[in-house]
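Student: quick one, structure for this:
(4 chains)
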2 protein chains.
Amino acid sequence: MPNILIADDHDLVRDTIAAYLNARDEFATFTASDLGGALKQMTGMDGIDLIILDYNMPGMNGLKGLEETRKAYPATKVILMSGVANRETANGAMARGADGFIPKSLTAGAMINAINLVLSGERYFPFEFSDPELPVSDKPEFVSLTSREMQTLEQLCIGLTNKEIARALGIQEVTVKLHVKNLLAKLGVSNRTQAALMAKQAQVF
Amino acid sequence: MPNILIADDHDLVRDTIAAYLNARDEFATFTASDLGGALKQMTGMDGIDLIILDYNMPGMNGLKGLEETRKAYPATKVILMSGVANRETANGAMARGADGFIPKSLTAGAMINAINLVLSGERYFPFEFSDPELPVSDKPEFVSLTSREMQTLEQLCIGLTNKEIARALGIQEVTVKLHVKNLLAKLGVSNRTQAALMAKQAQVF
DNA sequence: AGTGGGCCTACCCGTTGGTATAGTGGGCTA
DNA sequence: TAGCCCACTATACCAACGGGTAGGCCCACT
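Tutor: A predicted model of the protein is given here:
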């Protein structure tokens, strides 16, 4: 039976989560109200399989607390939990080695599954936090591009000059300039850098 | 008890997964060996909660089969499964409305958790398929940049011209040119577009 | 006191980028 | 067949960019 340590300074949140997990008879739970207390509790016993850290909690100061925890107990799975979850912190947490991220908007059932997933060795990351939606490639701005303009844009996205694009496409530089001018207008931007950035952003290439 | 339909043309894979799920007494499973068979089976009964589609299977041709399935049964959760899983197909599947993606490299336990997660309304996407690692921001090329060069690069990444950057930073355009020239050299690129692309790629901003 | 690095400015140079105008030819459709 | 859109080419102009050289200022380090 996996041991789970829940660290959150909000008594209500912490205790209800603990109670909910306990009720399932699958987990043994322990609690702490700040990072210091959580780490101290872990020294006493070495059987903690998973620790759930609240992002806003004394001792955490940002993601530093997460890093500390990971360094001190590399074998223990760590899930970061946050109510004010924005994409940056979620990504940052995963980048710093968290095994999972659970926003407080998650349903209780989904949380259980996320926990099980992490305990089984996978990492859990809510899909809606994965970078924007991808299928924006066919936004109106892009569908209006002709095939040649698309090819030009593609080369633009590698940072090529007009001359290089001309060579790559086997046409004259003046023609490339034409295509570039037209695609800039269609995309509503004022220079090639913005066009490249926009195309990358929209995941066109 | 959720009804799960497993569609895979490999008999061994399909049947073992079905057996594994059945053994847990949490799910009722049904099977099909191609997309046509799966869709036909769903017309007969309307209680399928989740369908697991193999990516390489007669009738699927790419992600078209996924789209068909979603259109025909919008209420049914769909998980795409693939052994030859590359990032593109995984992303493409999610972009086309799949509720989950499971590579065959997943352990059986993790698969169960993924299925439960999807059934509880969340979407499951293996973290290792999320775009690269983010914390590459402190690559050697970038740490060597001075603070002013960093600020210049930041403006560059919005697609501003030298003149606009000068206004934004409150310095002369000539000075901006200097910073740009230096940061291009340090980043090892030959124009501003490449610099912006590289910075975006490395998630510096 | 001297040295070096970061920052700012200046002037000059050649190249590249962006815009305008104009003309050719191919393909598609009314 | 006339009209339209697209691709391509051409000439020309001005703005923006990339690179070089050189000088002054400030601050930290030796």
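Student: hey, let's count contacts and neighbours off CA atoms from now on
Tutor: OK.
Student: secondary structure element for the residue nearest the centre of chain A, which one?
Tutor: Central residue check for chain A by CA atoms, centre = their mean: the C-alpha nearest the mean position is that of A:N91, 3.3 Å away. In this structure, A:N91 sits in helix A:87-95 according to DSSP states H and E.
Student: what mean pLDDT does the helix or strand encompassing A:T152 get?
Tutor: Using DSSP H and E, A:T152 maps to helix A:147-156. Averaging pLDDT along helix A:147-156 yields 91.
Student: and the longest helix anywhere in chain A, which residues are buried?
Tutor: In chain A, assigned by DSSP state H, the helix with the most residues is helix A:173-187. For helix A:173-187, burial by neighbour count (16 or more other CA atoms under 10 Å in any protein chain shown) applies to A:E173, A:V176, A:K177, A:H179, A:V180, A:K181, A:L183, A:L184, A:K186, A:L187.
Student: nearest to chain B, of these?
Tutor: Ranked by distance to chain B (CA to the nearest CA), the buried residues of helix A:173-187 are led by A:L184 at 12.4 Å.
Student: what's the domain layout of chain A?
Tutor: A:3-129, A:140-201 (automatic domain parsing).
Student: which one of those lies nearest to DNA strand C?
Tutor: domain A:140-201 (3.3 Å; CA to the nearest atom of the strand).
Student: do the closest one and DNA strand C meet at all?
Tutor: Yes: applying CA under 7 Å from any atom of the strand, one finds domain A:140-201 touching DNA strand C at A:160-163, A:174, A:177-178, A:180-182, A:184-185, A:190-193.
Student: for DNA strand D, tell me which of those residues show up nearby.
Tutor: A:V174, A:L178.
Student: pull the contacting residues for the most far-flung residue of chain A relative to its centre.
Tutor: Relative to the C-alpha centroid of chain A, counting by CA atoms, centre = their mean, A:Q172 is the outermost residue, at 43.2 Å. Counting by CA atoms under 8 Å, 6 or more residues apart in numbering or on different chains, A:Q172 touches A:K163, A:A166.
Student: give me the pLDDT value at it.
Tutor: Note on A:Q172: pLDDT of 93.
Student: do you know how far it is from A:L156?
Tutor: 16 Å (CA to CA, to the nearest Å).
Student: now the strands: where do they sit in chain A?
Tutor: Applying DSSP state E to chain A gives strands spanning A:3-7, A:28-32, A:48-54, A:77-82, A:100-103.
Student: so where's chain A uncertain?
Tutor: A:46, A:85, A:130-140, A:203-205 (pLDDT under 70).
Student: show me which residues of it sit near chain B.
Tutor: A:91-92, A:95-96, A:109-110, A:113-114, A:116-117, A:120-127, A:130, A:133-135, A:157-159, A:191-194, A:196-197 (CA under 8 Å from any CA of the partner chain).
Student: what's the PyMOL syntax to select whichever of those are buried?
Tutor: Of these, the buried ones can be selected in PyMOL as follows, counting by 16+ other CA under 10 Å:
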select buried, chain A and resi 91+96+109+110+113+114+116+117+120+122+123+124+125+126+127+130+134+135+157+159+191+192+193+194+196+197
